[in-house]
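**Q** Provided below for reference: sequence and predicted model.
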Amino acid sequence: MNVTDSQVKRARYNALVEARKACRACAGLTNPSVCHGGTFDRDEVGAWSRWQGNLDANLMVIGQDWGDVAWFVREAGCSTSTSQTNRTLVKLLGDAGFEVKLPCESSGRGALFFTNAVLCLKEGGAQARVRDECFRNCGTRFLRPLIDLIRPRVVACLGERAYRAVLTSCGLRPGKFREAVESESPVDLPGGVSVFAVYHCGARILNTHRRFSAQRDDWRRIGKFLARQEDSGLPCNRRDNDL
């Protein structure tokens, strides 16, 4: 990619960031730009992208939502290295062949791109439910444009609602989530991006829906898929760098 193309891409991303900061489409959610006076908001499309925000990433990881307002304020809008979920995710990404550092050890923009299907903040704790309308709003305004901008080789969706949001935003009808997780083949989006469904790696899901050993196999399948693309001559950045 030449310098001009890179600058155009960055400008398109910055426009999405500004649109996100201005969005008030979902009643009951709080935009990070106004949460606590905007003190902890940054020039990223979402809080999770501060950890991994490579606009040329070959792997894009999409979660459901960041969490609630209290959590966002308590952690100053940052991902934490003490989170067991984040530590588990780093291990799973290692199974896929990506060396990703914990947030406290990261610098630059990382090797991957992390974001959420819903970018604003809810109330009521991490397990509070977000209305379907919010996934549709964010999917149309931000998720689909972000996928089109980054054009990763693979999108990995953490959990059913993230998976449904991605496919719906691209005009596709999601099938059964567990079948998608266990399928050997990804779903192809328009433009050639491949989507894999994986379970969330938080303690509750690990203890009730998908054990760690099974999740490791799911991420290894993603790694093998990307390795086959590399063998076909498609580059894949697998390490955090100072980008």
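**A** That came through, no problem.
**Q** Other residues contacting stretch 39-51?
**A** For stretch 39-51, the surrounding residues in contact (CB atoms under 8 Å, 6 or more residues apart in numbering) are 13-14, 16-17, 20-21, 32-33, 35, 53, 63, 66, 72-73, 76-79, 103, 106, 110, 113-116, 119, 142, 146. Where C-beta positions appear, they are placed from N, C-alpha and C, glycine not excepted.
**Q** The protein: helices as residue ranges?
**A** 3-22, 69-74, 84-95, 132-138, 144-150, 160-169, 177-182, 203-208, 212-231 (DSSP state H).
**Q** Share the number of residues neighbouring the closest residue to Leu112 other than its chain neighbours, please.
**A** Residue nearest to Leu112 in three dimensions, not counting chain neighbours: Gln52, with 4.3 Å by CB to CB, 6 or more residues apart in numbering. Using other CB atoms under 10 Å, the number of residues around Gln52 comes to 26.
**Q** same thing with the one 5 residues further on?
**A** Summarising burial for Ala57: neighbours were counted as other CB under 10 Å, giving 24.
**Q** Tyr13 versus the nearest residue to it once chain neighbours are set aside, what's the distance?
**A** Closest residue in space to Ala57, ignoring its immediate chain neighbours: Phe113 at 4.1 Å, by CB to CB, 6+ apart. Noted for Phe113: a distance of 10 Å to Tyr13, by CB to CB, to the nearest Å.
**Q** re the thing from before, pull out the buried residues from the contacts of stretch 39-51.
**A** 13, 16-17, 20-21, 32-33, 35, 53, 63, 66, 72, 77, 79, 103, 106, 110, 113-116, 119, 142, 146 (16 or more other CB atoms under 10 Å).
**Q** show me what contacts the nearest residue to Ala117 once chain neighbours are set aside?
**A** Computed as CB to CB, 6+ apart, the closest residue to Ala117 that is not its neighbour in sequence is Ala165, at 3.8 Å. When contacts are counted by CB under 8 Å, 6+ apart, Ala165 is found next to Ile62, Ala117, Val118, Phe135, Cys138, Gly139, Leu143, Cys157.
**Q** repeat for Leu189
**A** Ile147, Val155, Val166, Leu167, Cys170, Leu172, Val195.
**Q** okay, now the last one: neighbour count?
**A** By other CB under 10 Å, the residues close to Val195 number 23.
**Q** Show me the shaky parts of the protein.
**A** Across the chain, the ranges flagged by pLDDT under 70 are 1-3, 107-108, 233-239, 241-243.
**Q** Show me the residue at the heart of it, geometrically.
**A** By CA atoms, centre = their mean, the chain has its centre lying nearest to Ile62, at 2.5 Å.
**Q** In contact with the nearest residue to Lys9 once chain neighbours are set aside, which residues?
**A** Among residues not flanking Lys9 along the chain, Leu55 sits closest, at 5.6 Å (CB to CB, 6+ apart). Leu55 makes contact with Lys9, Arg10, Tyr13, Arg109, Phe113, Leu149, Ile150, according to CB under 8 Å, 6+ apart.
**Q** Wait, the fifth one touches Gln52, no?
**A** This points to Phe113. Yes: at 5.9 Å, Phe113 and Gln52 qualify as touching, with contact defined as CB atoms under 8 Å.
**Q** list the residues that contact both of those two?
**A** Joint contacts of Phe113 and Gln52 (CB under 8 Å, 6+ apart) are Val61.
**Q** thinking again about what came up before, out of the helices of the chain, deepest packed?
**A** helix 160-169 (a mean of 23; mean count of other CB atoms under 10 Å).
**Q** Put the alpha carbons of it into PDB.
**A** Extracted C-alpha coordinates of helix 160-169, given in PDB (Å, rounded to 0.1, in the frame of the first residue of the first chain):
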ATOM      1  CA  GLU A 160     -23.800 -15.200  19.000                       C
ATOM      2  CA  ARG A 161     -24.900 -11.600  19.100                       C
ATOM      3  CA  ALA A 162     -21.700 -10.400  17.600                       C
ATOM      4  CA  TYR A 163     -22.000 -13.100  14.900                       C
ATOM      5  CA  ARG A 164     -25.600 -12.200  14.100                       C
ATOM      6  CA  ALA A 165     -24.700  -8.500  14.000                       C
ATOM      7  CA  VAL A 166     -21.900  -9.000  11.500                       C
ATOM      8  CA  LEU A 167     -23.900 -11.200   9.100                       C
ATOM      9  CA  THR A 168     -27.100  -9.100   9.400                       C
ATOM     10  CA  SER A 169     -25.100  -5.900   8.700                       C
END
